[in-house]
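1. this one's sequence-less:
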């Protein structure tokens, strides 16, 4: 049985627990060079909660994922590693589509094959591949775009979390 996931806007008091999810997600990516301390991650998360539109997914009162939107960009979407493939990311992405119905863009790393499959399954289209020279981690990345004309695949319904 899937957990009951609730979505809400993040508040300043959510920063520490949200940062735990953010840090755990980064550490779970074997290809990802951890460039910042956990404390720096917490500061970053606090900054984007204060500055940007940040949504969190909760289950049983615990934060299981986050999505941060800035203008027409999905800057961050991370799910606690123990909650992958349980509907958390889909629920968050559905909220992003709802909040940005005209579309949005996002970057992910080329090596993050799970994220790439997830975004493509949900109707995002890869439009640019880079060598990573412009990102802090210096890892090859890929730019995705989602527009309402990009339908999800494999039985996913736009706006319906799965």
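-> Nice, I can see it. Because the structure is predicted, anything quoted here is derived from the model rather than measured.
2. what pairs with the longest strand along the chain, and is each one parallel or antiparallel?
-> Longest strand of the chain, by residue count under DSSP state E: strand 62-70. Strands that pair with strand 62-70, judged by DSSP bridges, come out as strand 53-59 (antiparallel), strand 73-79 (antiparallel).
3. report the buried residues of that strand.
-> Residues of strand 62-70 classed as buried by neighbour count (16 or more other Cβ atoms under 10 Å): 63, 64, 65, 66, 67, 68, 69. For the C-beta atoms, the positions are set from N, CA and C on the backbone; glycine is no exception.
4. the first one and residue 16 touch, don't they?
-> No: with the criterion set as Cβ atoms under 8 Å, residue 63 and residue 16 do not qualify as a contacting pair; they are 9.6 Å apart.
5. max pairwise distance over the buried residues of strand 62-70: which two?
-> Greatest spacing in these, by Cβ to Cβ: 64 and 69 (18.0 Å).
6. in the chain, which spans are helices?
-> In the chain, the helices defined using DSSP state H lie at 15-27, 38-51, 88-99, 113-121.
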